[in-house]
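1. Would you be able to build a 3D model of this:
(2 chains)
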Amino acid sequence: GAGVSQTPSNKVTEKGKYVELRCDPISGHTALYWYRQSLGQGPEFLIYFQGTGAADDSGLPNDRFFAVRPEGSVSTLKIQRTERGDSAVYLCASSRGLAETQYFGPGTRLLVL
Amino acid sequence: QKEVEQNSGPLSVPEGAIASLNCTYSDRGSQSFFWYRQYSGKSPELIMSIYSNGDKEDGRFTAQLNKASQYVSLLIRDSQPSDSATYLCAVDNAGNMLTFGGGTRLMVKP
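-> Predicted structure coming up:
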C-alpha cells in the first residue's frame, strides 16, 4: 500500500471494555507516531516509536493506554477500561526517520458509550 | 507547556481572493514548521513545510516564517472552493512529535 493504513476505521465499544487499534506504516518508514484528535481540536501527541522501541510516550494520558511495535513495522495502540472521555479519532503517522515529514493515516474513530 | 495558537475562524474569503492564515508558537527552540490541511472527516494532509526564516512558495501556497516573532503564516492565492477546509499549524520541537494548533477553518465562497 502507498500510505499509512489504520484498522478499524470505526470502533464502538462500551465503557469499561478493552480495545486495540492497529496502524500499518508506509513501507520503509522507521518512525511511527500516535495522535488523538477530539472534535474541533488539533491532534495531540500520544507516543512515538523509532524502530521497535517507544522513544517518547510522554503524551499517553494514563496507564490505561499502551502501545507496542514488536517488529518495527505494525503498531497497536491498546486502551484498557475505556471511558467515555476516550472517544476521539486516533491518528497514526509515519516518517522515514526522526525529524522527517510525517504522513497520516485515515484514523480510527473510537466511540465509547 | 509548548503551545501553538491559531484563530479558530471561520475565515471566509471570496473565490479568487488571497486567504491569510496565521499561527504563533511558544517554544523558541522550535526547528520545523508545517501546515496541514484537513477536510471534514478526513486525516491531516501535509501541504507546506518551512525550516528557515523568510518565504517559501509552492504553487498557490506561500509559507512565511519569522522566528524572532515566533510567527508562521500561510497564504493561499487565488482561493478556490476546494480549498475550504481546516488548516492546522504544527511545530516540531525536538525532531520527534508535532505540536498542533487547534486549526483555522477556511471557507471559500463561490
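
2. Any idea how far apart the tips of stretch A:95-107 sit?
-> Terminal residues of stretch A:95-107 are spaced 16 Å apart (C-alpha to C-alpha, to the nearest Å).

3. hang on, I meant stretch A:94-113
-> 30 Å.

4. Could I get the full set of strands for the chain?
-> All of this refers to chain A. A:5-7, A:10-13, A:19-24, A:31-37, A:44-50, A:53-56, A:65-68, A:75-79, A:88-95, A:103-104, A:108-112 (DSSP state E).

5. my bad, chain B
-> B:4-5, B:11-14, B:19-25, B:32-38, B:45-50, B:54-58, B:61-66, B:71-76, B:85-92, B:98-100, B:104-109.

6. Quick one: neighbours of residue A:10, just the number.
-> Residues lying near residue A:10 (other C-beta atoms under 10 Å in any protein chain shown) number 11. Heads up, the C-betas are built off the backbone N, CA and C, glycines and all.

7. Which residue comes closest to it once chain neighbours are left out?
-> Leaving aside its sequence neighbours, residue A:10 sits nearest to residue A:109 (C-beta to C-beta, 6 or more residues apart in numbering or on different chains; 4.8 Å).

8. distance of residue A:90 from residue B:80?
-> Computed as C-beta to C-beta, to the nearest Å, the residue A:90 to residue B:80 distance reads 31 Å.

9. which of those two has more neighbours?
-> Neighbour comparison, residue A:90 and residue B:80: the larger count goes to residue A:90, with 23 against 12 (by other C-beta under 10 Å).

10. Burial check on the closest residue in space to the more buried one that isn't next to it in sequence, number of neighbours?
-> In space, and not counting its chain neighbours, residue A:90 is closest to residue A:108: 4.8 Å by C-beta to C-beta, 6+ apart. With neighbours defined by other C-beta under 10 Å, the count for residue A:108 comes to 22.

11. Same check on residue B:52?
-> 10.

12. same thing with residue A:73?
-> 18.

13. For the spatially closest residue to it that is not a sequence neighbour, grab the count of nearby residues.
-> The shortest distance from residue A:73 to any residue other than its chain neighbours is 6.5 Å, reached at residue A:25 (C-beta to C-beta, 6+ apart). Using other C-beta under 10 Å, residue A:25 has 27 neighbouring residues.

14. which ones are touching residue A:25?
-> A:4, A:32, A:73, A:74, A:75, A:92, A:94 (C-beta atoms under 8 Å, 6 or more residues apart in numbering or on different chains).

15. Give me the buried subset of these.
-> A:4, A:32, A:73, A:75, A:92, A:94 (16 or more other C-beta atoms under 10 Å in any protein chain shown).

16. In a markdown table: those, plus pLDDT.
-> Below are the buried ones among the contacts of residue A:25 laid out as a markdown table (pLDDT from 0 to 100):
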| residue | pLDDT |
| --- | --- |
| A:4 | 96 |
| A:32 | 95 |
| A:73 | 92 |
| A:75 | 97 |
| A:92 | 97 |
| A:94 | 95 |
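
17. What parts of chain A come near chain B?
-> A:31, A:33, A:35, A:40-45, A:48, A:55-56, A:59, A:91, A:98-99, A:101-107 (C-beta under 8 Å from any C-beta of the partner chain).

18. Contacts only, for the residue of chain A found nearest chain B.
-> As assessed by C-beta to the nearest C-beta, chain B sits closest to residue A:42 within chain A, at 3.3 Å. For residue A:42, the contact set (C-beta under 8 Å, 6+ apart) comprises B:4, B:6, B:88, B:90, B:100, B:101, B:102, B:103.
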